[in-house]
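**Q** this is a predicted model, with the sequence first.
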Amino acid sequence: KKAYAKAQVSQELSLKALAKRVSSQTTASRADVTAVIIATVENMIDGLRAGEQVDFGDLGKFRLQITSRGAETAEKFSAANITGVNIQFIPGEDLKNIFAGM
């Protein structure tokens with residue numbers, strides 16, 4: 001047998017707590033921060049649905065990733081071949097550097 005590392009979640013940072021932290025560091029109220037976060041997520045979803053890659057700068061990028069079964073030819077490929085859709089996250093440089101030191 002072998003032992004492997006496994007990431008552990010110590011607790012969850014809720015939207016309310018995140019908004020409170022951000023509001024304490026800025027001039028925006030908790031309600032304003034919450035509204036901006038919610039609107040950002042809604043716009044991200046709209047962008048992904050439109051086939052756009054959503055770039056959050058230093059945080060990273062989000063885009064859709066599709067899994068499918070192969071078809072004999074492109075002409076024979078249809079929506080029935082698609083087996084799943086996921087959101088792919090590509091971390092920005094700052095996050096990549098944090099992960100490198102873990």
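**A** Nice, I can see it. Bear in mind the structure is a predicted one, so any value in this text is a computation, not a measurement.
**Q** looking at this structure, which helix or strand is least sure?
**A** helix 93-100 (a mean of 83; mean pLDDT, DSSP states H and E).
**Q** alpha carbons of it, in CSV - could you do that?
**A** In CSV, the C-alpha atoms belonging to helix 93-100 read as follows (Å, rounded to 0.1, in the frame of the first residue of the first chain):
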residue,chain,number,x,y,z
GLU,A,93,0.3,33.5,-12.7
ASP,A,94,-0.2,34.5,-9.1
LEU,A,95,-2.2,31.3,-8.3
LYS,A,96,0.3,29.1,-10.2
ASN,A,97,3.1,30.5,-8.0
ILE,A,98,1.1,29.9,-4.8
PHE,A,99,0.5,26.3,-5.9
ALA,A,100,4.2,25.8,-6.7
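**Q** neighbouring contacts of that helix?
**A** Asp58, Leu59, Gly60, Pro91 (C-beta atoms under 8 Å, 6 or more residues apart in numbering). C-beta coordinates here come from the backbone N, C-alpha and C atoms, glycine included.
**Q** closest one of those residues to Gln11?
**A** Nearest to Gln11 among those: Leu59, at 20.9 Å, using C-beta to C-beta.
**Q** ok, how many other residues are close to Asp94?
**A** Counted by other C-beta atoms under 10 Å, the residues lying close to Asp94 total 12.
**Q** separation between it and Ile38?
**A** For Asp94, the distance to Ile38 equals 24 Å [C-beta to C-beta, to the nearest Å].
**Q** tell me the SS of Asp58?
**A** Here Asp58 is recorded as coil under DSSP: H, G, I helix; E, B strand; the rest coil.
**Q** from Gly92, how far off is it?
**A** 4 Å.
**Q** and what of Glu12?
**A** 23 Å.
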